[in-house]
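Student: show me the folded form of this:
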Amino acid sequence: MSKDVNLMEDIVSLAKRRGFIYQGSEIYGGLAGTWDYGPLGVTLKRNITNLWWSTFVDGREDMFGIDAAILMNQKVWQASGHVGGFNDPLVEDLKTKKRYRADHLLEQNNVENVSSMTFEQMNEVIKDRGIKSPDGNELSDVRQFNMMFKTHVGAVEDETSVSYLRPETAQGMFVNFKNVVDSFYPDLPFGLAQIGKAFRNEISPRDFIFRVRELEQMEIEYFVHPDEWKQHFDYWLDQQKQFLLDLGLPEEKIHHVDVPEEDRAHYSKYSFDTEFDFPIGQKELLGCAYRTDHDLASHMKHSGKSMEYIVKGTNEKIVPHVIEPTFGLDRTFFAVLSNAYTEDEVNGEKRVYLKFPAHLAPVRVAVSPLLKNKPELVEKAREVYSTLKKEFGNVMWDDNGNIGKRYRRQDEIGTPYCVVIDFDTLEDNAVTVRNRDTTEQERVNIAELAAKLR
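Tutor: Numbering: from 1, shown residues only. Next up is the predicted model:
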């Protein structure tokens with residue numbers, strides 16, 4: 001096994017053991033491509049979304065937040081092109097009937113330039129090289145597979161009641177463009193921002209939470225004058241990178257990749273991916289697309305409602321063009337978690353810890369009495385705990401096991417500081433503060449403790 005495979009197994013194991021991420025429906029054998037976030041995972045995820053929202057919505061004057069419905073009129077997806085164009089290449093094991101992404105199978109068999117191949121070319125390579133399914137069986141011809149989850153709204157199941165679980169949050173913002181303009185008439189450029197679930201019926205979900213069927217997006221649609229799209233595109237590409245740096249991700253692991261025309265989504269005229277060095281390799285983390293007026297013009301045509309914007313101070317009417325910075329929350333979580341995973345030695349023993357930045361750590365401080373069977377220590381520790389809980393919120397009480405085991409447990413969940421109340425505390429009103437990264441300890445007066453930790 002390679003080092004990276006072992007690393008992935010270690011990360012997945014720790015994520016389950018310490019309550020970050022569980023397999024979805026695990027007691028029934030699971031459901032591929034679904035994962036449940038445990039108590040620590042949901043807190044880490046919220047810390048990421050809070051930083052994103054404060055950065056791109058609360059911290060700006062040109063951004064409006066919305067929360068659109070997941071279910072939408074089927075005409076939205078017909079107009080956007082998703083009904084006809086949101087497809088992946090599928091092949092089927094002729095014996096087991098299992099289905100696979102054709103492009104993934106070819107890449108696993110060291111075929112190059114797969115993304116630029118037509119379905120016919122994929123079929124030729126599969127036949128010429130004798131590529132089989134993972135179970136060693138013959139494969140069907142490659143065909144299109146639409147990744148949207150189809151459902152019906154209401155009691156009657158016919159074509160008029162068809163809807164879809166949204167494959168992206170973007171369309172909810174496009175169909176509300178006119179509403180926001182009518183309500184606020186913002187200056188151009190301006191943006192709409194949304195955090196929400198999206199659903200993609202992936203043929204072969206894989207790589208932990210990297211490729212899943214139920215995902216969460218942090219997405220912006222930024223409306224600009226058509227003549228100014230490039231400068232705004234470059235700006236948002238830089239803003240995406242800065243956000244990753246604010247998450248504590250190292251710059252050397254972040255890469256901008258120009259997406260060739262054949263690999264772009266059907267709505268994109270120009271795209272860059274921001275890739276990250278995951279344990280599974282350098283993979284896409286964020287996307288930035290120039291969607292032109294594709295969406296607004298399509299909805300204007302199909303709905304009959306004007307999506308024109310009158311430029312303030314002029315009589316110029318335009319259909320704005322759109323820059324779309326997209327942030328996958330699950331992949332961002334994966335990047336933060338995998339980057340934080342660290343191994344070292346303490347007193348000759350291997351130690352595993354999560355080196356989260358303090359502002360992202362799901363537990364900021366852990367408070368412990370040195371001995372839990374000494375009421376005077378517990379009482380004092382509870383006072384300190386209550387004070388810090390009001391100050392920081394994400395503070396944990398931990399009195400399980402000896403102090404060494406508590407430190408190791410807190411290291412594994414990424415707690416930056418452990419505060420211990422001992423017998424000396426009762427005399428000098430000072431506590432021991434232990435640093436996760438250095439394991440060094442220092443005495444801090446309780447009156448100065450919150451400021452020190454802050």
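Student: C-alpha only now, for contacts and for neighbours.
Tutor: Will do.
Student: measure Lys390 to Leu44 for me?
Tutor: For Lys390, the distance to Leu44 equals 19 Å [CA to CA, to the nearest Å].
Student: is Thr439 in a helix, a strand, or coil?
Tutor: Assigned with DSSP: H, G, I helix; E, B strand; the rest coil, Thr439 falls in the coil class.
Student: look up how far Asp238 lies from the most centrally placed residue in the chain.
Tutor: Of all residues in the chain, the one closest to the mean position by CA atoms, centre = their mean is Leu329, 1.6 Å from it. From Leu329 over to Asp238 the distance is 18 Å, taken as CA to CA.
Student: so where's the protein shaky on pLDDT?
Tutor: Judged by pLDDT under 70, the chain has its weakly predicted residues at 1-3, 85.
Student: what about Trp229, how many residues nearby?
Tutor: When neighbours are counted by other CA atoms under 10 Å, Trp229 registers 21.
Student: more neighbours: Lys390 and Leu44, which one.
Tutor: Ranked by neighbour count (other CA under 10 Å), Lys390 and Leu44 place Leu44 first, with 23 against 10.
Student: the more buried one touches Pro362, doesn't it?
Tutor: Yes. Using CA atoms under 8 Å, Leu44 is in contact with Pro362, at 4.9 Å.
Student: intersection of neighbour lists for these two?
Tutor: Jointly contacting Leu44 and Pro362 under the rule CA atoms under 8 Å, 6 or more residues apart in numbering is no residue at all.
Student: so who does the closest residue to Met72 other than its chain neighbours touch?
Tutor: Closest residue to Met72 apart from its sequence neighbours, by CA to CA, 6 or more residues apart in numbering: Ser163 at 6.5 Å. Applying CA under 8 Å, 6+ apart to Ser163 gives the contacts Leu71, Met72, Asn73, Gln74, Lys150, Thr151, His152, Val153.
Student: what's the closest of the residues you listed to Lys283?
Tutor: Top of the list for closeness to Lys283, among the contacts of Ser163 and by CA to CA, is Lys150 at 28.5 Å.
Student: that closest one falls within a strand, correct?
Tutor: Yes. The assignment for Lys150 (three-state DSSP) places it in a strand.
Student: give me the number of residues near it?
Tutor: Lys150 has 13 nearby residues by other CA under 10 Å.
Student: repeat for Gly30
Tutor: Neighbour count for Gly30, taken as other CA under 10 Å: 13.
Student: give the next helix or strand downstream of the one helix or strand Thr274 maps to.
Tutor: Using DSSP states H and E, Thr274 maps to strand 270-278. Where DSSP H and E defines the elements, the next helix or strand beyond strand 270-278 is strand 281-292.
Student: the helix or strand following that next one: how far from the chain's middle?
Tutor: Past strand 281-292, further along toward the C-terminus, the next helix or strand under DSSP H and E is helix 294-303. Offset of helix 294-303 from its chain centre (CA atoms, centre = their mean, to the nearest Å): 29 Å.
Student: what do you get for stretch 359-366?
Tutor: 19 Å.
Student: equivalent analysis for stretch 342-349, please.
Tutor: 30 Å.
Student: put together CSV for the contacts of Ser163, with distance to Phe210 on each row.
Tutor: Converted to CSV, those look like this (distance: CA to CA, whole Å):
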residue, distance to Phe210
Leu71, 24
Met72, 26
Asn73, 29
Gln74, 28
Lys150, 23
Thr151, 25
His152, 29
Val153, 30
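Student: kindly indicate which of those residues lies nearest Ser204.
Tutor: Lys150 (17.9 Å).
Student: Three-state assignment for the residue nearest to the closest one when sequence neighbours are not counted, please.
Tutor: For Lys150, ignoring the flanking residues on the chain, the nearest one in space by CA to CA, 6+ apart is Tyr164 at 4.6 Å. What three-state DSSP gives for Tyr164 is strand.
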